[in-house]
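Undergrad: Please work out how this folds:
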Amino acid sequence: MTTIRITDEQRQALSAHRGRPVPAEDDQTHRLYFIYSEDLHEQAMQALREREDYASIARGIQQMDAGEGRPLAEADAAMREQLRFPPRPTPSSSFPSVTGPSKT
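TA: Residues are numbered from 1 along each chain as shown. Now for the predicted structure:
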């Protein structure tokens, strides 16, 4: 990514706007841009990611309510088969059985 240097005029505008975005117009194309701090950019990107996450969760809930979901065990088995992972151990096979001390 190319980083451009801000001018004194832009620096003064940023200072006067106290953290808010500063509009900047391209004098050739008349296209409007905004100059803002890295912190504000990161906050905006985090808010966007959260919004996308919430939307994905809402879609998943709608699919589940419509009966379009898959049970976790079924999805896990399909994923393991596709990725060639071994099957998930069953609860009874993943723990040793406890029968107490042997009486010999």
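
Undergrad: Could you pick out the longest helix of the protein?
TA: If you go by DSSP state H, the chain has its longest helix at helix 38-65.

Undergrad: What's the first helix or strand after it?
TA: helix 72-82 (DSSP states H and E).

Undergrad: Would you mind listing the outside residues contacting that next one?
TA: If you take C-beta atoms under 8 Å, 6 or more residues apart in numbering as the criterion, helix 72-82 is touched by R70, F85, P86, P87, R88. C-beta here means a position set from N, CA and C on the backbone, and glycine is covered the same way.

Undergrad: rerun at 10 Å
TA: Contacting residues not belonging to helix 72-82 are listed as G69, R70, P71, F85, P86, P87, R88 [C-beta atoms under 10 Å, 6 or more residues apart in numbering].

Undergrad: how close does the nearest residue to the fifth one once chain neighbours are set aside get to R70?
TA: Sequence neighbours aside, R80 is the residue nearest to P86 in space, at 7.1 Å (criterion: C-beta to C-beta, 6 or more residues apart in numbering). Distance check for R80 against R70: by C-beta to C-beta, to the nearest Å, it reads 14 Å.

Undergrad: what pLDDT does S93 get?
TA: On the pLDDT scale, S93 is placed at 54.

Undergrad: let me fix that: S102
TA: So S102 comes in at 56 (pLDDT).

Undergrad: again with G67
TA: 89.

Undergrad: among the contacts of helix 72-82, which two are most distant?
TA: Using C-beta to C-beta, the contacts of helix 72-82 span at most 24.8 Å, a distance reached by G69 and P86.

Undergrad: check contacts around H41.
TA: Per C-beta under 10 Å, 6+ apart, neighbours of H41: P21.

Undergrad: show me where pLDDT drops low in this protein?
TA: Scanning the chain for pLDDT under 70 picks out 92-104.

Undergrad: ok, 80 please
TA: 90-104 (pLDDT under 80).
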